[in-house]
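A.B. asks: need a 3D model of the following:
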Amino acid sequence: MKQKNKKLRGLVIGCGSIGERHIHNLKKIGIKELGIFDINEKRLTELRNKYRVNSFLDIESALEYKPDFSIICTYPESHHKFAKKCINAKSHVFIEKPISGKLNEIEKVLNNAKSKKLKVAVGYNLRFDKGLRSLKKKISDNEIGNTLFISAYFGHHIKFWGNGKKTNDHYILHKGNGIILDDSHEYDYIRWLVNEKVVSVFCQTKKLENIKTETESLASIFLKFKNGVIANVNIDYVRPRYERGCNVIGDQGKLEWKYEMLKPTKIKYEQKVESKLKKEMIFNQSNKSFNEKVLVNNMYIEEMKDFLDSLQNSKQPETNGKDGLETLKIGLAALKSAKNGKVIKI
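C.D. replies: Predicted structure coming up:
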């Protein structure tokens, strides 16, 4: 795999924090020919020198580099525009979540990619967490009987999201963003766990009053699946410390997954997390647990390996464009529901 990767030429579009993470990981897993594009010349120079990569200040020059694949890490509203350019340049694409904010535009992009036999992947890295993958297997194996209800949550205060910038400058606060689309991880992995289509969405939202924002700060979303499973997602950028996890209720027991950040590290990409899974059964009252401390960055490496593997083999990425589209439909339905105060059918 590593040897094959050396033959691939990549391009990273957008050099913010997630863009740099992908640059670091691509170099680590064996990509020798790598280009980066950003409109911030200072940032571009910094990363070019740090990682010894080719750099470009305009997308046309970047695509003349003829990348086999492109990683799109710009603001969500620009995802479909860059994806279109990359696909027209015959480049496979990996798009950071959410896949887009515009349903019609991204559908055109995916159809174009399909016609050109190009792969599209979406950055839902939580699907590659060991604890969450173990949870999915236990659900699939009916270890707690038939799944009835899932409750998921995520939150961390916006003041910790700055990455060196002022809180008021964060893109999530501006129109077209917000916690619903930015944290689509939760309803994406729930859909993945249930492995069924969402048929209706109901959502209520609220804005922070002590910060200038054009978007929702917290959201409570209810999902109804075709097979009858009900799910609730509570997400926000309000709570004082990082919290993430979910409960899965079956007719014979319960599974609880927690994703807890450990002590912060000074070394970049060395942050560890404790991924914990506990099972409780109704009839025998026995508890069984999974508990593992892993590097957060491992998820990002695994999702990129999966994407690169799909380019060299006859298979789709584990989180493909169709997946990203179905998750986007949920997010857009939640926004519409919150605005209209009604249940939205998908």
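A.B. asks: tell me what the helix ranked longest in the chain is packed against?
C.D. replies: The helix spanning the most residues in the chain, taking DSSP state H as the definition, is helix 321-340. Applying 3 or more CB pairs under 8 Å, 6 or more residues apart in numbering; DSSP states H and E, we find helix 321-340 packed against helix 103-115, strand 120-123, helix 179-182, helix 185-194, strand 198-206, strand 218-225, strand 344-345. The C-beta positions use only the backbone N, C-alpha and C, and glycine is treated the same way.
A.B. asks: could I get the buried residue list for it?
C.D. replies: With burial defined by 16 or more other CB atoms under 10 Å, the residues of helix 321-340 counted as buried are 321, 323-335, 337-338.
A.B. asks: show me which pair in those residues is furthest apart.
C.D. replies: 321 and 338 (26.0 Å; CB to CB).
A.B. asks: ok so, going back, okay if I get the helices and strands packed on helix 321-340 as CSV plus distance to residue 156 and mean pLDDT?
C.D. replies: Output for these, formatted as CSV (distance: least, CB to CB, whole Å; pLDDT from 0 to 100):
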stretch, distance to residue 156, mean pLDDT
helix 103-115, 27, 97
strand 120-123, 18, 98
helix 179-182, 10, 96
helix 185-194, 12, 98
strand 198-206, 16, 98
strand 218-225, 12, 98
strand 344-345, 27, 98
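A.B. asks: now render these as CSV, adding distance to residue 138.
C.D. replies: Below are these laid out as CSV (distance: least, CB to CB, whole Å):
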stretch, distance to residue 138
helix 103-115, 32
strand 120-123, 25
helix 179-182, 28
helix 185-194, 10
strand 198-206, 22
strand 218-225, 18
strand 344-345, 31
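A.B. asks: for residue 244, find the nearest of the ones you listed.
C.D. replies: With CB to CB as the measure, helix 185-194 is the member of the helices and strands packed on helix 321-340 nearest residue 244 (8.2 Å).
A.B. asks: and the contacts of the closest one?
C.D. replies: The contact list for helix 185-194 (CB atoms under 8 Å, 6 or more residues apart in numbering) reads 97, 124, 126-127, 132, 135-136, 139, 147, 150, 152-154, 198, 221, 223, 225, 227, 229, 231, 233, 235, 246, 248, 323, 326-327, 330-331, 334.
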